[in-house]
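Enquirer: Coordinates for the following, if possible.
(one chain, ligands or ions: 2)
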Amino acid sequence: MHLFIFLHELIAMAANMFVVPQTKGTVLCCKCGILMAPNPANMCVTCLRSEVDITEGLRKHATIMHCPECDSYLQPPRTWLKAQLESKELLTYCVKRLENDLKKVRLVNAEFIWTEPHSKRIKVKLKVQKEVLNGAILEQSYVVEYVLQDHMCESCTRFQANQDQWVASVQLRQRVSHRRTFFYLEQLILKHDAAVHAIKIKQVDQGIDFFFANKSHASKFVEFLDKVAPTKRRANSLFLTILRIIATIISILSRLKYPRFAVRI
Ligand SMILES: [Zn+2]
Ligand SMILES: [Zn+2]
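Expert: Ligands and ions are numbered 1, 2, ... in the order given. All right, here's what the predicted structure looks like:
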């Protein structure tokens with residue numbers, strides 16, 4: 001009987017010795033030993049962050065096709081997007097290239113990291129989140145470097161092949177800070193198919209160039225521009241601006257054997 005009690009006490013004592021004192025509902029991080037809410041890895045978020053790389057397997061390099069002639073980017077399979085460096089459109093385009101990767105994580109933020117314009121490199125810093133354990137969400141930033149590969153788009157290739165075929169170009173320019181009236185004019189041109197005979201339409205810094213295979217098509221186009229403005233200007237002051245733009249900025253460049261000259265209308 002005495003022996004039995006003794007054994008019983010001994011077992012109880014031993015059990016007490018091996019119980020780690022702990023607050024209810026917390027465990028110790030297996031790496032740094034701080035108290036934490038239990039999770040399957042038994043590791044605190046700080047330690048998890050140092051152990052788990054949620055960007056592992058995500059692409060850090062990508063190649064994109066860039067047309068150096070018209071500054072556009074290939075949206076596979078065949079569309080070309082005209083976009084300026086550091087523009088919102090280009091950022092969306094860059095992020096879209098990582099579509100498959102971004103299914104594995106949650107994108108929180110994306111921004112450009114400045115690169116030298118002639119470096120043919122674009123860098124985007126992405127911030128992503130991923131749930132690694134029950135409720136433990138890790139957030140991490142990483143950089144994707146895009147290498148621009150020069151590749152002429154279809155329209156520029158076509159133009160290059162037919163380069164000698166254009167004889168006249170009409171250059172539309174706008175020299176005011178906002179481009180509303182200019183876009184409006186573009187819409188009018190589209191609506192009336194006014195530039196239908198242009199063999200090439202090229203976006204340039206402050207406007208658009210239209211190239212024609214013969215002078216009469218170019219003249220017709222200028223006539224159209226001339227017509228849309230005065231007809232409407234009585235009715236709408238917006239068109240006064242358009243008229244002013246047209247009056248000051250349209251020039252016809254004729255491709256003669258002499259140096260190119262500009263005729264202001
Ligand atoms: Zn820890
Ligand atoms: Zn192009």
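
Enquirer: Can you tell me the SS state at the residue nearest to the spatial centre of the chain?
Expert: Nearest residue to the geometric centre of the chain (CA atoms, centre = their mean): residue 91, 2.1 Å. Of the three states, residue 91 takes helix under DSSP: H, G, I helix; E, B strand; the rest coil.

Enquirer: and it, what is it in contact with?
Expert: 110-112, 124 (CB atoms under 8 Å, 6 or more residues apart in numbering). All C-beta spots, glycine's among them, are computed from the backbone N, C-alpha and C.

Enquirer: Quick check: it vs residue 115, distance?
Expert: Distance of residue 91 to residue 115, given as CB to CB, to the nearest Å: 13 Å.

Enquirer: Outline the domain layout of the protein.
Expert: When the chain is parsed with automatic domain parsing, its domains come out as 61-150, 162-264.

Enquirer: closest to ligand 2 out of these?
Expert: Closest approach to ligand 2 among those (CB to the ion): domain 61-150, 3.3 Å.

Enquirer: Compute the first-to-last residue distance for the closest one.
Expert: 17 Å (CA to CA, to the nearest Å).

Enquirer: before we move on, what about stretch 202-210?
Expert: Rule used - CA to CA; the end-to-end distance of stretch 202-210 is 6 Å.

Enquirer: ok so, going back, mind putting the domains of the chain in JSON lines, distance to ligand 2 and mean pLDDT included?
Expert: Putting the domains of the chain into JSON lines (distance: least, CB to the ion, whole Å; pLDDT from 0 to 100) gives the following:
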{"stretch": "domain 61-150", "distance to ligand 2": "3", "mean pLDDT": "92"}
{"stretch": "domain 162-264", "distance to ligand 2": "8", "mean pLDDT": "64"}
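
Enquirer: Turn the ones you listed into TSV, columns for distance to residue 55.
Expert: Output for these, formatted as TSV (distance: least, CB to CB, whole Å):
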stretch	distance to residue 55
domain 61-150	4
domain 162-264	36
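
Enquirer: Tell me, how many residues neighbour residue 224?
Expert: Using other CB atoms under 10 Å, residue 224 is surrounded by 16 other residues.

Enquirer: Could you grab the helix/strand/coil label for it?
Expert: helix.

Enquirer: contacting residues around it?
Expert: Taking CB under 8 Å, 6+ apart, one finds 189, 192, 194 in contact with residue 224.

Enquirer: on contacts alone, who are the packing partners of the helix or strand the first one falls within?
Expert: It refers to residue 189. Assessed by DSSP states H and E, residue 189 sits inside helix 180-191. If contacts are counted by 3 or more CB pairs under 8 Å, 6 or more residues apart in numbering; DSSP states H and E, helix 180-191 sits against helix 215-233, helix 237-249.

Enquirer: returning to that earlier point: select, out of the domains of the chain, the one closest to ligand 1.
Expert: Here domain 61-150 is closest among these (CB to the ion), at 11.7 Å.
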